[in-house]
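Colleague: sequence-free structure coming up:
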């Protein structure tokens, strides 16, 4: 996750792996981070992620419960879209990207393109 610093990425990973919203105490317990991080530090960073629009929060008693605003896949797709839209030559960038990914990921990409074509055709028929 290039947009995130290491601590932000650890917090987001903990939340993406959770089955539901978590309080800061639980986020801190689930984080995989190279060193111990103070509760207040995790609380500050989750608040920053909330204000960036990357997390939702809801009050539960005296604590806030946090959950991701997007799934990991939705977030990753948005970041990839931003890269392609700001790269200058999307065709060349996509070509280089496809050359760099594994054969298995190329098959996933081909499947996704096929699925997009099917959905677009279905939408045309429904319109």
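Modeller: Right, received. Where do you want to start? Every value quoted in this text rests on a predicted model; they were computed, and no experiment measured them.

Colleague: Contacts for stretch 25-38, please.
Modeller: Identification of contacts with stretch 25-38 by CB atoms under 8 Å, 6 or more residues apart in numbering yields 6-7, 10-11, 13-15, 17-18, 22, 39, 42, 46, 63, 66. Bear in mind the C-beta positions are built from the backbone N, C-alpha and C, glycine included.

Colleague: what comes up buried for that stretch?
Modeller: Residues 26, 27, 28, 31 are the ones in stretch 25-38 that count as buried (16 or more other CB atoms under 10 Å).

Colleague: same question, stretch 108-115
Modeller: For stretch 108-115, the neighbour count (16+ other CB under 10 Å) marks no residue as buried.

Colleague: now it, how far from the chain's geometric center?
Modeller: Offset of stretch 108-115 from its chain centre (CA atoms, centre = their mean, to the nearest Å): 20 Å.

Colleague: ok, residues contacting it?
Modeller: Stretch 108-115 is contacted by residues 98, 101 when judged by CB under 8 Å, 6+ apart.
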